[in-house]
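Novice: Provided below for reference: sequence and predicted model.
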Amino acid sequence: MDVYSATISELITRLTFHSTTATPARILNGWKFSPIPVASVDGLRDFPSLRPTAPEGTEEYRPRIGVGTMRFEYFVATDRQLGLVVHSTAVAISLDAVERSGDAAALPDPGMSGSLCKPFDCSFGNVQISDLSITTRVVLTLMVRLFDRGNRRRI
């Protein structure tokens, strides 16, 4: 697996695990999540939801070594009638799910199982409020593992 898809795979694994209904309840229990970016409009029974978008990236080159940085964005939406405190809590819960491993132990692992050079950075904002929902864009900045130039696939 290449340096980018290894990180995306780990993120999707975590979010899928934490949004799957189980006993005891997982971090995103009851949330609507799909690993495939969707354009459908949320309805009241779809909240809370987490919607990923396609990642973006940049690369910086040093002699013989490549340094890749990827931005992974997702949107957290909650029912507007529940207010800002519930929405802010939902954003924090989504970040906890990203930061914890995608297995029963759910241990803190901001390095994404070794696929990152350093723990991820995040920002959130660009809040949209509609008649139905409050939606916040969350951006994770992920510095993937260093790679030899011409060998992002690590073969």
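Specialist: Alright, I've got the coordinates.

Novice: residues of the lengthiest strand in the chain that come out buried?
Specialist: In the chain, assigned by DSSP state E, the strand with the most residues is strand 65-79. By 16 or more other CB atoms under 10 Å, the buried positions in strand 65-79 come out as Gly66, Gly68, Met70, Phe72, Glu73, Tyr74, Phe75, Val76, Ala77, Thr78, Asp79. Any C-beta I mention is one placed from the backbone N, CA and C, and that applies to glycine too.

Novice: name every strand pairing with the helix or strand bottoming out on mean pLDDT in the chain and say which way it goes.
Specialist: Sorting the helices and strands of the chain by mean pLDDT, DSSP states H and E puts strand 147-148 at the bottom, at a mean of 72. Next to strand 147-148 in the sheet, as set by DSSP bridges, lie strand 65-79 (antiparallel).

Novice: could you dump the partner strand to CSV, C-alpha only?
Specialist: Provided in CSV are the C-alpha atoms of strand 65-79 (Å, rounded to 0.1, in the frame of the first residue of the first chain):
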residue,chain,number,x,y,z
ILE,A,65,13.4,12.0,-0.1
GLY,A,66,9.7,13.0,-0.5
VAL,A,67,7.6,14.5,2.3
GLY,A,68,3.9,14.3,1.7
THR,A,69,1.2,16.2,3.5
MET,A,70,-2.4,15.2,3.1
ARG,A,71,-5.6,17.1,4.1
PHE,A,72,-8.5,14.8,5.0
GLU,A,73,-11.8,16.7,5.3
TYR,A,74,-15.1,15.6,6.7
PHE,A,75,-18.3,17.3,7.8
VAL,A,76,-20.1,16.8,11.1
ALA,A,77,-23.8,17.6,11.0
THR,A,78,-26.3,17.6,13.9
ASP,A,79,-29.9,18.6,14.4
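
Novice: average model confidence for whatever helix or strand comes next after it?
Specialist: Scanning forward in sequence from strand 65-79 by DSSP states H and E, the next helix or strand is helix 83-99. Helix 83-99 shows a mean pLDDT of 95.
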